[in-house]
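Novice: Okay, here's the prediction I keep looking at, along with the sequence it came from:
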Amino acid sequence: MTTSNAFDVVTVGGGMGAAALAIAMARGGARVLVLEKETKFRDRVRGEGLVPWGVAEARELGIADLLLQTCAKEVPWMEMGFGPRNLVETTPQQAPMLTYCHPEMQEVLLAEAERAGAEVRRGVTVESVELRAGGERQATVTARNGKSERIPARLVVGVDGRGSAVRKWAGFAVEKLPLPFQFAGVQMTGVRSREDLSMFLFNPEFGMLVALVPQTKGRWRTYLGYPTGGVALQGSEKMGTYVAESVRAVPMMAEVYADVQSIGPLATFDVSESWVRHPYREGVAVLGDAAATSDPTFGQGMATALRSARVLRDLLLSNVDWDQAGDEYAREHDRYFQNCHKVCGWLRTLFQDPSAEASALRQRAMPKIAEDVMRVPDHLFSGPDSPADEAVRARLFGEA
């Protein structure tokens, strides 16, 4: 086993959050290493709609224009059953959604990380991460790419997804919220809908959701959310069932999906949430889904990952004490994730929960929302810094 020279930052993972952090830190003069196990990214049914507050984070990180020039498009209009909404005119960020094919976005950002000066190694298996110990100044990553190597780092950042090994190696405790819903997605062509409009349409009677997100090159990512225990929508042979269930949930989909063809895998995943409280300790931080997963029904994961990359960058580049910076990042992460987590729970109850209790809440709340849509908190688009106190909850549920 060999030992390499130390890096300032080593990311375990090379997806959106890792690449964004690598770009930002390398541009700030840090010595950065990205370790990514995939030699080529492929479609795995992941998010591809960056909401306006996430677009603002992408701008702060200096990657929004890059995405637009290479793989992304602006989608300014949103429909959630209240009538089309212009996001540019109605969010404090004055931003549209940015949409893209996820693996294309990943390749663009990882290539930019290299141009910014980060070292990127692909096809790498990370075998362990060791916390900084005693009087040591560095954590250590052990990785294998033909041979085993110990890599010291001032900061190791685990950006290795929901099943994060870094999180386990570093001893972070995970809290979980099981949710009784599943989310199926597939990439399509032939969708009959406006290419400047995303749609997220709920049918709370069935506990279902249909979502359409236009991408570049005439492609669409479409989704179907439904209660756990329904038909398993996995594999191309289930496409007919996927379309039929989408039409059952939202009848207008019969026309929208009349000519569709799938051009990617159909896959279903659990929407249950999990999170780490205080995602930093002793030279190791976790970021993105490794730090917290939110219900993908509400599309907050990528914006949260970019917020985390930007916050961590700002703190590291402005503080010589990176242990202090890591702790401050963790406190900030707890604040904005928990705010988002709370509001998404309210929205899930009101718009997706088919229970009798939720139905009674809707009978009181929906007539008032029909008169004033501003009763619905706008955290999904305007961001987790918006108020989420008892007064906001009471207005949403028609109690005030």
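Specialist: Happy to help now that I have it.
Novice: switch to C-alpha atoms for all contacts and neighbour counts from now on
Specialist: OK.
Novice: Can you get me a residue count around E38?
Specialist: By the criterion of other C-alpha atoms under 10 Å, E38 has 15 neighbours.
Novice: what's the answer for R393, then?
Specialist: Count around R393 with other C-alpha under 10 Å applied: 20.
Novice: tell me which element it is part of?
Specialist: In the assignment (DSSP states H and E), R393 maps to helix 390-396.
Novice: Give me the contact list for that helix.
Specialist: Helix 390-396 is contacted from outside by 346, 365, 369, 375-377, 400, using C-alpha atoms under 8 Å, 6 or more residues apart in numbering.
Novice: In ChimeraX, how would I select the buried members of the residues you listed?
Specialist: In ChimeraX, this line selects whichever of those come out buried by 16 or more other C-alpha atoms under 10 Å:
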select :346,365,369,375,376,377
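Novice: Kindly indicate which of the contacts of helix 390-396 lies nearest F82.
Specialist: Closest approach between the contacts of helix 390-396 and F82, by C-alpha to C-alpha: I369, at 9.2 Å.
Novice: List the residues that contact that closest one.
Specialist: 375-376, 396, 398.
Novice: how near is it to L224?
Specialist: 24 Å (C-alpha to C-alpha, to the nearest Å).
Novice: And the contacts of I369, which is closest to T11?
Specialist: V376 (37.5 Å).
Novice: Now do that closest one against A370, distance only.
Specialist: With distances taken as C-alpha to C-alpha, V376 is found 10 Å from A370.
Novice: Send over stretch 7-15 as CSV, restricted to the C-alpha atoms.
Specialist: In CSV, the C-alpha atoms belonging to stretch 7-15 read as follows (Å, rounded to 0.1, in the frame of the first residue of the first chain):
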residue,chain,number,x,y,z
PHE,A,7,-5.0,17.1,-0.4
ASP,A,8,-7.0,19.9,1.1
VAL,A,9,-10.3,18.3,0.1
VAL,A,10,-11.1,14.7,-1.0
THR,A,11,-14.6,13.9,-2.1
VAL,A,12,-15.9,10.4,-2.1
GLY,A,13,-18.3,10.5,-5.0
GLY,A,14,-18.3,12.6,-8.2
GLY,A,15,-21.9,13.5,-8.7
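Novice: what's in contact with that stretch?
Specialist: 18, 22, 30-37, 106, 110, 126, 151-160, 166.
Novice: now stretch 38-49
Specialist: The contact list for stretch 38-49 (C-alpha under 8 Å, 6+ apart) reads 97-104, 106-107, 122-124, 185-187, 213, 221, 264-267, 296, 299, 301-302.
Novice: Quick check on those: which are buried?
Specialist: Buried subset of the contacts of stretch 38-49 (neighbour count, 16+ other C-alpha under 10 Å): 97-104, 106-107, 124, 185-187, 213, 221, 264-267, 296, 299, 301-302.
Novice: What residue spans form the domains of this protein?
Specialist: 2-176+272-340, 181-270 (automatic domain parsing).
Novice: For A358, which of those is the nearest?
Specialist: Closest of the domains of the chain to A358 is domain 181-270, at 8.9 Å (criterion: C-alpha to C-alpha).
Novice: Nearest the geometric middle of this structure, what residue?
Specialist: With distances taken as C-alpha atoms, centre = their mean, G301 lies nearest the centre of the chain, 1.8 Å away.
Novice: Give the full set of residues in contact with that one.
Specialist: G301 neighbours (C-alpha under 8 Å, 6+ apart): 47, 288-289, 293-294.
Novice: hmm, back to that, narrow the contacts of stretch 7-15 to those in strands?
Specialist: In this view, those that belong to strands under DSSP state E are 32-36, 126, 151-158.
Novice: Need the per-residue pLDDT for G135.
Specialist: Looking at G135, its pLDDT stands at 64.
Novice: ugh, wrong one, I meant V45
Specialist: Per-residue confidence at V45 stands at 76 (pLDDT).
Novice: Where does it sit: helix, strand or coil?
Specialist: Three-state assignment for V45 (DSSP: H, G, I helix; E, B strand; the rest coil): coil.
Novice: do V186 as well
Specialist: Assigned by three-state DSSP, the conformation of V186 is strand.
Novice: quick one: low-confidence parts of the stretch 1-150 of the chain?
Specialist: For the stretch 1-150 of the chain, the stretches flagged by pLDDT under 70 are 1-4, 134-135.
Novice: which residues in it form strands?
Specialist: With DSSP state E, counting those that start in this stretch as the criterion, the stretch 1-150 of the chain has strands at 2-3, 7-12, 32-36, 49-50, 72-75, 77-79, 85-86, 97-100, 119-122, 125-130, 139-144, 148-158.
Novice: Do a quick rundown of the helices in the stretch 251-400 of the chain.
Specialist: 253-256, 301-317, 322-351, 356-371, 379-382, 390-396 (DSSP state H, counting those that start in this stretch).
Novice: Which neighbouring elements make contact with the longest one?
Specialist: Just to be clear, that refers to helix 322-351. In terms of contacts (3 or more C-alpha pairs under 8 Å, 6 or more residues apart in numbering; DSSP states H and E), helix 322-351 is packed against strand 280-281, helix 301-317, helix 356-371, helix 379-382.
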